[in-house]
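Student: I'd like to go over a predicted model; first the sequence, then the structure.
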Amino acid sequence: MTPDSHSQPVFDLGARLSRTPPPAAIVIFGASGDLARRKLLPALYSLALQQLLAPEMTIIGVAQRELTDEQFREQMRQAIVTHGSQASVDDDIWEGFSRRLRYLSADFSDPTTYERIRDTLIALPHAHHQFGNRLFYLATAPKFFPIIAEGLGDAGLAEEAPNAFSRIVIEKPFGNDLESSRALNRRLGAVFQETQTFRIDHYLGKETVQNLLVLRFANAIFEPIWNRRYVDHVQITVAEDLGMENRGAYYDQSGALRDIVQNHIFQVLSLIAMEPPARFDSRSVHDEKVKVLRAIPAITAEDASDSAVRGQYRSGFIAGEPVLGYREETGVPEGSNTETFVAMRLTVENWRWAGTPFYLRTGKRLPRRTTEVAVQFKPAPHLPFAHTVAETTAPNLLILRIQPDEGASLRFSAKVPGPRVDIRDVSMDFQYGNAFLTPSAEAYERLLLDALLGDSTLFARWDEVERGWEIVDELLSLWATTAIPAANYAAGAWGPKEADALVRRDGREWRRL
Amino acid sequence: MASAVTKALQSETWDGHVLNVAELQRALHELRPRNPDGSSIALAAVLNLVAIANGHTATEIDALISTLHHQPSRAIIIERIATGDGIDAHLAARAQLSRPTGVATRIELLQLQLHGPAVAGAASAIEALIRPGLPVFVLWPGAIAPTDPLFGAIASRADRLITEVPRADGADAIHRLSDLVATTRPAVTDLAWAALTPWRQLINQIITQEHLDGIRDGATITIAHSTLQPTVGTLLFAGWLCDSAGTAVGVDFRSDLLPGDPRVTGIEISIPHHHTITIQRVTGRAAAAITVVEGDGATTESVLPLREPTRAELLTGELQLQRRDLPFERALSHALRICRA
């Protein structure tokens, strides 16, 4: 994957060396919030440790809370200690890193905020070394996205000087539906061009999601069978055993379809189903992904009952412990109609996948936390064994586990030793940890680095986001206006029975996980 | 509580004095991890590592391997002893846990002491014991010895040959490494080159396009080292700078005699009429002090990370690469030119 532009010149980028982004000012809006403390600052510190931040890189935190630079530095040090991957903060490295941290207390709605940011950027000791390179990271509530973007635009901070960049990074949700998403994009697009806009879907920063591309396109054995002729169907599961964890009020505005399906699952689906890109550059990969999404017919009100099932958990047991139902969770309005489970049947109508259904499911309070893609192949066309043996043979199954136990396994049939031909399923299992002891980098490290390098391959392009909303928009409207059958699955179950019926209609079953 | 599988992965050992490799293969088979029902546990396998204990004991090499973050699936450590007869073998099958994930890799480790006449059969013993289907990495510490029959035999069998020439050898080692790269099949690298990675990354981190343009128009680079004469690592660093910065660059060396392991202690890049960039390793800290003096005299100072990787970290990095290391080969070529000059 190569950067689109503005990468740091390098002496040499051979084995072992990593590309270093050019000097820039990173401005984090919402710097005193959870995302900045838990993810962004630990990721930036880790990048500094890995010698990947130029010495002139400056990080300016912007938030409403009144803090001095020193207080901000101390809070961030604590955040790195608590949430970072390092066991401790190295005093020597921290000394250099903390010098780059600045803090501005500001109201995002106040136009003078952006003038102050501009003045601060100009006055930075390293400003002339940063060549006007700026990365604005919006770690704020989504309602501030257009306000901040417009404020930056009015202050002239979205303009790119020759050979310099000005980029904006936002994180989902990118709107609540198709209309609001388009409205948001119009307002952002009036200030920042698409090439300046980096939409984070942190799933794409996960090593194992990136490995989907490597598995598919670096192993010649898969591509010939990766199509309707050999694949019976695909199941994508994103299961969580957790409930609301004090996020009930937020989640109730969102629901599983917006929170997981429209973004994370569609991203994984498009990586699984896309055609091989000509090159692993941002544009080629995005073009292929969006072709897949465009090949998925949008769910209409008429076919909604055949294509999608929603559910909401009631009280039950998780790992032997009793847990509350959704409507009893803190922050969830009484009688809420928000779905905590979605199962879908989608088709990708192109030459490669016509007739091969993709089943998706995601939910809260499912029996275990797991994210995986299961590619089930068609059965062998003819088994030259006894009839009874053939009946017990399961088709080949390729499992790509994204979390936990990252890895892959392939199920195939083997003969049980003995005088008779007895066949049993066996699994060839690869776990990342079995082969590589080095832990994967945090998704945010990779994504921040790529944003600084201008490589948008692992970010969501607008046409992907828009198509994602188009696929589910009518379903969202339908579900918003019809009541969910109340609390229709017990916490600790794999969703409502209607989800089983969705796949059984096709003569298939959900994988038991 | 450890699961049955975890228990099965725990260390098991076998020791013996044998006269043939078949006995070792049987013992290895017995040490395979098994489920409680007796069936084998299959684990992903990545590579063979053959380490020749030149100047070290097998136990020392074993200790090094046990700290690697990229574990070989099978490691064969060969210690050659002129006296006695036969093969003393210590076989260990053990699990190495990844601390963050808690997932285990499984390593089969064979320490073989070849005595007397058995030394002559070392290469054939290795050939019979490497795990088929996996790449073979060879670690050869000490001086490169083209006349050693074992060196020739395992160099031809290796997919990647990792040398660790004595650091003080300097120019002599550069000549030997160059000959090796020119004449052997496998990808070759040396741990002295691997040790330069933090320095090379630091240069990439600091150099801007403006610097680079100035350097390529002609600059003088002075490399300071802690030894009397430039070591193999210092020469490779100089070679890499020449390769990366272009032929208009002149490289000088300066000796800052310091106790401890040989190392590069600093670098000064002087671009006429533009900048002077000074990078100095900070003694006792995993950091470097960087001073940039611009043409108008304006000075900026910063401190950036500059780690000194451990030997295990260096070897780990080399085991993660399977392809030829072209920057190393180019740096070596320039280092040879510098030595000849």
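Tutor: All right, it came through fine. Quantities reported herein were computed from a predicted structural model and do not represent experimental measurements.
Student: Could you tell me the model confidence score at residue A:477?
Tutor: Note on residue A:477: pLDDT of 94.
Student: which stretch of helix or strand covers it?
Tutor: Using DSSP states H and E, residue A:477 maps to helix A:462-481.
Student: what about that helix, distance to the chain center?
Tutor: Distance of helix A:462-481 from the chain centroid (C-alpha atoms, centre = their mean, to the nearest Å) equals 17 Å.
Student: And the next helix or strand past it?
Tutor: strand A:489-490.
Student: what helices or strands is that following strand leaning on?
Tutor: strand A:313-314 (3 or more C-beta pairs under 8 Å, 6 or more residues apart in numbering or on different chains; DSSP states H and E). Heads up, the C-betas are built off the backbone N, CA and C, glycines and all.
Student: partners of the strand it packs on, with directions?
Tutor: strand A:489-490 (parallel) (DSSP bridges).
Student: Tally up the residues packed near residue B:285, please.
Tutor: 16 (other C-beta atoms under 10 Å in any protein chain shown).
Student: Could you list the low-pLDDT ranges of the stretch 151-300 of chain B?
Tutor: For the stretch 151-300 of chain B, no stretch is flagged by pLDDT under 70.
Student: Nearest to chain A: which residue in it?
Tutor: residue B:244 (3.9 Å; C-beta to the nearest C-beta).
Student: Regarding the closest residue to residue A:102 other than its chain neighbours, what is its secondary structure?
Tutor: Excluding the flanking residues, the one nearest residue A:102 by C-beta to C-beta, 6 or more residues apart in numbering or on different chains is residue A:60, at 4.6 Å. Here residue A:60 is recorded as strand under DSSP: H, G, I helix; E, B strand; the rest coil.
Student: Quick check: residue A:60 vs residue A:432, distance?
Tutor: 37 Å (C-beta to C-beta, to the nearest Å).
Student: How about residue A:397?
Tutor: Distance, residue A:397 to residue A:432, using C-beta to C-beta: 19 Å.
Student: Check what pLDDT the residue located most distally from the centre of chain A gets.
Tutor: Distance to the chain centre peaks in chain A at residue A:419, reaching 50.8 Å (criterion: C-alpha atoms, centre = their mean). According to the prediction, residue A:419 has pLDDT 77.
Student: so who does it touch?
Tutor: In this structure, residue A:419 makes contact with no residue, judged by C-beta atoms under 8 Å, 6 or more residues apart in numbering or on different chains.
Student: looking at this, it is in a helix?
Tutor: No. If the criterion is three-state DSSP, then residue A:419 is coil and not within a helix.
Student: measure it to chain B for me?
Tutor: Distance from residue A:419 to chain B, counting by C-beta to the nearest C-beta, to the nearest Å: 19 Å.
Student: Can you show me the strands along chain B?
Tutor: Using DSSP state E, the strands of chain B run over B:12-18, B:48-52, B:74-81, B:86-97, B:104-115, B:136-141, B:160-164, B:187-190, B:220-225, B:250-255, B:264-270, B:276-281, B:287-293, B:299-305.
Student: what angle do the fourth one and strand B:12-18 make?
Tutor: An angle of 170 degrees separates the directions of strand B:86-97 and strand B:12-18 when computed by axes from the mean of the first three to the mean of the last three C-alpha atoms, to 10 degrees.
Student: now swap in the last one and tell me
Tutor: Strand B:299-305 and strand B:12-18 are oriented at 80 degrees to each other (the same axes, to 10 degrees).
Student: Strand B:299-305 pairs with which strands?
Tutor: So strand B:299-305, judged by DSSP bridges, has these partners: strand B:287-293 (antiparallel).
Student: now the partner strand, how far from the centre of its chain.
Tutor: 28 Å.
Student: Look at the residue nearest the centre of chain A and report its pLDDT.
Tutor: Residue closest to the average C-alpha location in chain A (C-alpha atoms, centre = their mean): residue A:203, at 2.6 Å. Residue A:203 is assigned a predicted lDDT (pLDDT) of 85.
Student: Surely it is in a strand?
Tutor: No. Using three-state DSSP, the secondary structure at residue A:203 is helix, not a strand.
Student: The closest residue in space to it that isn't next to it in sequence: neighbouring residues, count only.
Tutor: Using C-beta to C-beta, 6+ apart and skipping the chain neighbours, the partner closest in space to residue A:203 is residue A:264 (4.5 Å). Neighbourhood size, residue A:264 [other C-beta under 10 Å]: 22.
Student: list the contacts for residue A:264?
Tutor: Per C-beta under 8 Å, 6+ apart, neighbours of residue A:264: A:201, A:203, A:238.
Student: The first one and residue A:460 touch, don't they?
Tutor: Yes. Proximity of residue A:201 to residue A:460 meets the contact threshold set by C-beta atoms under 8 Å, at 5.0 Å.
Student: Give the residues shared as contacts by the two.
Tutor: A:263, A:267.
Student: So for the two, which residue has more residues nearby?
Tutor: Shown here are residue A:201 and residue A:460; by other C-beta under 10 Å, residue A:460 has more neighbours (26 against 23).
Student: picking up where we left off before, identify the bridge partners of the residue nearest to residue A:102.
Tutor: residue A:27, residue A:102.
Student: And it, how close does it get to chain B?
Tutor: Counting by C-beta to the nearest C-beta, the gap from residue A:60 to chain B is 18 Å.
Student: neighbours of that residue, just the number please.
Tutor: Neighbours of residue A:60 (other C-beta under 10 Å): 23.
Student: Please apply the same query to the one 3 residues further on.
Tutor: The local packing count at residue A:63 equals 22, with neighbours defined by other C-beta under 10 Å.
Student: Could you find the closest non-adjacent residue to it?
Tutor: Closest residue in space to residue A:63, ignoring its immediate chain neighbours: residue A:32 at 4.0 Å, by C-beta to C-beta, 6+ apart.
Student: again, but for residue B:276
Tutor: residue B:293 (4.6 Å).
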